[in-house]
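Peer 1: Sequence first, then the predicted structure, then my questions.
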Amino acid sequence: VAGWTGSITHRNGYYASGQIREKEKKEGAGAIQDELAAAFGEDIKVDSFRLDKLDQAEEPVLMNYQVRFLKAGQDIIYMNPVLISQFRQNPFKSADRSYPVELPYKISQLYTFSMEIPEGYRLDEFPASALIRFNEKDEALFEYKAELKNGTLSVSCNIEVQRTNFSPEEYKGLRDFFAKIAAKLDEQIVLKKK
């Protein structure tokens, strides 16, 4: 979409910040930008990439960059409001598991997206809000909120996993939980020309 641009900031947690610092030392910031560009695909260009707080080990690394949407003049535009997420694919591929699942750390991830509906377009469809739970104790939950207000679409996704160990008997439920997240994160918005 020619002329559509956006600003993105990633505020990375402790472990992700450590991985970024290590990758930047070994391969440089260009490799991180190339990885982002590949994740976005051909329709979105990454510009003005910058890493902040690399030398402040106790602070989260911030990734700041601009995106440009390269599609132009289409009557109907399909777009995923969750531009990037590691949970777009289920990390648990096998149907069965005989051993416990041990995650390296708890997960707490918040994603927010805000977009003014471009002039000349109307928002025809957008994903419904949803709450997905692993169990009744809320040891793992996913909350997706989407709202259109005053011409602006706001989407937020929150993933919380409070445990790091899951028994083989819990594996199917954990796999289903992440499958539902992946399906929700794959839903798109539809913009139509007025």
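Peer 2: Ah, there it is.
Peer 1: what about stretch 109-124, start to end distance?
Peer 2: In stretch 109-124, first residue to last residue: 28 Å (Cα to Cα, to the nearest Å).
Peer 1: Contacts for it, please.
Peer 2: Here stretch 109-124 makes contact (Cβ atoms under 8 Å, 6 or more residues apart in numbering) with 1, 4, 6, 13, 76-77, 81-83, 85, 87, 148, 151-160, 189-194. (Each C-beta comes from the backbone N, C-alpha and C, glycine too.)
Peer 1: Among these, which lie within strands?
Peer 2: Of the positions in those, 6, 76-77, 148, 152-160, 189-193 sit in strands, assigned by DSSP state E.
Peer 1: which residue sits closest to the residue minimising distance to the centre of the chain, ignoring its sequence neighbours?
Peer 2: Centroid check for the chain by Cα atoms, centre = their mean gives Ser85 as the closest residue, at 2.7 Å. Spatial nearest neighbour of Ser85, chain neighbours left out: Leu185 (5.4 Å); criterion: Cβ to Cβ, 6 or more residues apart in numbering.
Peer 1: any idea how far Leu131 is from the one you found?
Peer 2: With distances taken as Cβ to Cβ, to the nearest Å, Leu185 is found 14 Å from Leu131.
Peer 1: Which one of those two is surrounded by more residues?
Peer 2: Leu185 (22 against 11; other Cβ atoms under 10 Å).
Peer 1: and the angle for the strand or helix carrying Arg122 with strand 152-161?
Peer 2: Here Arg122 sits within strand 121-125, counting by DSSP states H and E. When axes from the mean of the first three to the mean of the last three Cα atoms, to 10 degrees is applied, the directions of strand 121-125 and strand 152-161 differ by 40 degrees.
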